[in-house]
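> Need coordinates for the below:
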Amino acid sequence: MHRTVVLAGASGFIGSYFKQRFLADGWQVRTVGRDASADAQWNDDGAITKVLDGAELLVNLAGRSVNCRYDDRHRREILDSRVLTTRTLGRAVAACAEPPMTWINSSTGTIYRHAEDRPQSEDSGDLGSGFSVDVARAWEEELAAADVPATRKVPLRIAIVLGPGGGVMGPFRNLARLGLGGHMGPGTQKFSWIHVEDLFRTVAFIHRHGELAGPVNAASPYPVDNRELMSLVRQSMGVPFGIPTPAWLLEAGAVLIRTQTELVLKSRWVEPRKLLDAGFVFDYPCLTGALNQIAKPHTLSHLKGPSPKRSLTKPPLHPHALSPNHPFTHTLSHQTTPSPTRSLTKPPLHPHALSPNHPFTHTLSHQTTPSPKRSLTSLGGNREPGTLDRRR
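Numbers count the residues shown, from 1 in each chain. A predicted model of the protein is given here:
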């Protein structure tokens, strides 16, 4: 008998990926959304209850895109698309004769304060303030208020999601096109992210590990700062240089491209402490490896999980522990072994310090620069009000 998962808000980038991966792993997938193709629509509590009854796992990805100006209308849509959908699911789960064992509800890593001094874990992190944080708090409070004693509820604080076919990096690319692709503001603000495959594996891991409770951070253990991020954006677009942009000029540019400066100036330093302590190992811990994977031709088969040689039992001790079985090493497996004059015996000080004279850069120098059609900066996101576009 097939195990059943219900995906709410499943029509966007993350939801579509999750649906394919669950199906590939032998799950039966039911969906809740606004589209007529969904098994239940948001305005039909009875249909949602029927879809949920007997399911093993509920994953809620619903939430309007935050890639917009925060006027009154957009603020209301952003809040309602998260809070009201969570409330609807709470009513439906409570009405089930056989409710799901686990309910993983999207939240956001932007719930933490602007942090450049230290990482923000689930237990030691400081919550921030402002509109985005208010939305995140209300989102998690709605989940907590759901009266579903037979179901374990986990708010998943998701960082920005990377993966083939996503579009969260649009604002960064737009600014680079305008010649403003240098570091933004001070350039020291952290950029926390996660590859969509690791996000899927995180959801499956949480479901298997019943001891995980309360908020869980979903982010790579190795964020980058804005200087490193924008360097990789420029490389992917073939833009040779970018003018550093002060905060006041960013505000003018953000108005032109209809977004918020908070999306690039807030320092999000999200630490996945609970996952690491529970033994989760990331397939894509380093940004360079994630971008290498995104640039390749894609089939689902190579994302169905690590081979037995890539053990998930121990987390990496260091992002540069490039043992033959380390997942980051696998992103480089197609490259020719460097000659003695291009030795990799000394790891770089940072995995993303790709200066022209850097030894890691030389190992990539023979590769063809990807075309714009295979962008290195495509990130995960959904577009419709019932799905996530950017996890902030």
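
> can you map out the helices along the stretch 151-300 of the chain?
Ranges of helices in the stretch 151-300 of the chain, per DSSP state H, counting those that start in this stretch, are 170-177, 196-208, 226-237, 247-256, 262-265, 273-277, 287-295.

> Which one of those lies nearest to residue 47?
helix 196-208 (23.5 Å; CB to CB). The way it works is simple: take the backbone N, C-alpha and C, and place the C-beta from them, glycine included.

> can you pull the buried residues of the strand or helix carrying residue 90?
Using DSSP states H and E, residue 90 maps to helix 72-94. Along helix 72-94, these residues count as buried under the neighbour rule (16 or more other CB atoms under 10 Å): 74, 77-79, 81-83, 85-86, 88-90, 92-94.

> separation between the residue most central in space within the chain and residue 50?
Geometric centre of the chain, nearest residue: residue 161, 2.3 Å, by CA atoms, centre = their mean. The gap separating residue 161 from residue 50 is 30 Å, by CB to CB, to the nearest Å.

> go on, residue 91?
Applying CB to CB to residue 91 and residue 50 gives a distance of 13 Å.

> overlap in contacts of those two?
The overlap between the contact sets of residue 91 and residue 50 (CB atoms under 8 Å, 6 or more residues apart in numbering) is empty.

> what's the model's confidence in the helix or strand just after the helix holding residue 90, averaged?
Using DSSP H and E, the helix or strand that follows helix 72-94 in sequence is strand 102-108. Mean per-residue pLDDT for strand 102-108: 97.

> Give the buried residues for strand 102-108.
For strand 102-108, by 16+ other CB under 10 Å, it's 102, 103, 104, 105, 106, 107, 108.

> Check stretch 128-141 too.
128, 132, 133, 135, 136, 139, 140.

> could I have that stretch exported to CSV, CA atoms only?
C-alpha atoms of stretch 128-141 as CSV (Å, rounded to 0.1, in the frame of the first residue of the first chain):
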residue,chain,number,x,y,z
GLY,A,128,13.6,40.3,14.7
SER,A,129,11.1,43.1,14.1
GLY,A,130,9.3,44.7,11.2
PHE,A,131,6.6,43.6,8.7
SER,A,132,8.3,40.4,7.5
VAL,A,133,8.9,39.2,11.0
ASP,A,134,5.4,40.0,12.0
VAL,A,135,4.1,37.9,9.1
ALA,A,136,6.4,35.0,10.2
ARG,A,137,5.3,35.2,13.8
ALA,A,138,1.6,35.2,12.8
TRP,A,139,2.2,32.3,10.4
GLU,A,140,3.8,30.2,13.2
GLU,A,141,1.2,31.3,15.8
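
> Now do the contacts for residue 91.
Contacts of residue 91 by CB under 8 Å, 6+ apart are residue 45.

> so residue 273 sits right up against residue 218, yeah?
No. At 11.6 Å, residue 273 does not count as touching residue 218 under the criterion of CB atoms under 8 Å.

> Residue 193 pairs with what?
residue 160 (DSSP bridges).

> count of neighbours near it?
28 (other CB atoms under 10 Å).

> Against residue 288, how distant is it?
12 Å.

> Could you do residue 153 as well?
Distance of residue 153 to residue 288, given as CB to CB: 35 Å.

> Over to residue 231?
Here residue 231 is placed at a distance of 11 Å from residue 288 (CB to CB).

> And residue 166, by the same measure?
According to CB to CB, residue 166 stands 18 Å off from residue 288.

> same thing with residue 23?
30 Å.

> Who has more neighbours out of those two?
residue 288 (25 against 14).

> Can you list the low-confidence ranges for this structure?
Scanning the chain for pLDDT under 70 picks out the ranges 1, 167-171, 253, 256-258, 297-392.

> mind redoing it with 50?
For the chain, applying pLDDT under 50 flags the ranges 301-302, 304-392.

> quick revisit: between the buried residues of strand 102-108, which is closest to residue 241?
Using CB to CB, the buried residues of strand 102-108 come closest to residue 241 at residue 108, 32.7 Å.

> Hmm, residue 287 is touching residue 193, no?
Yes. With contacts counted by CB under 8 Å, residue 287 reaches residue 193, the gap being 6.7 Å.

> and for these two, which residues touch both?
Contacts common to residue 287 and residue 193, judged by CB under 8 Å, 6+ apart, are 220, 224.

> Could you check stretch 46-53 and say which residues are buried?
Result for stretch 46-53 [16+ other CB under 10 Å]: buried residues 47, 48, 49, 50, 51, 52, 53.

> Out of those, which sit inside helices?
47, 48, 49, 50, 51, 52 (DSSP state H).

> want to try a markdown table for these, with distance to residue 254 as columns?
Compiled in a markdown table, these are given as follows (distance: CB to CB, whole Å):
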| residue | distance to residue 254 |
| --- | --- |
| 47 | 40 |
| 48 | 37 |
| 49 | 42 |
| 50 | 44 |
| 51 | 39 |
| 52 | 40 |
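
> Tell me which two in those are the farthest apart.
Most distant of these, by CB to CB, are 47 and 52, 9.8 Å apart.

> Ok, which of the helices of the stretch 151-300 of the chain comes nearest residue 39?
Taking those one by one with CB to CB, helix 196-208 is closest: 19.1 Å.

> Can you check what angle separates the closest one from strand 102-108?
Interaxial angle of helix 196-208 relative to strand 102-108 (axes from the mean of the first three to the mean of the last three CA atoms, to 10 degrees): 140 degrees.

> In helix 196-208, which residues are buried?
196, 197, 198, 199, 200, 201, 202, 203, 204, 205, 206, 207.

> what's the nearest residue to residue 47 if we skip its chain neighbours?
Excluding its sequence neighbours, the residue lying closest to residue 47 (CB to CB, 6 or more residues apart in numbering) is residue 40, at 3.8 Å.

> So the one you found versus residue 181, what's the distance?
Counting by CB to CB, the separation of residue 40 from residue 181 is 43 Å.
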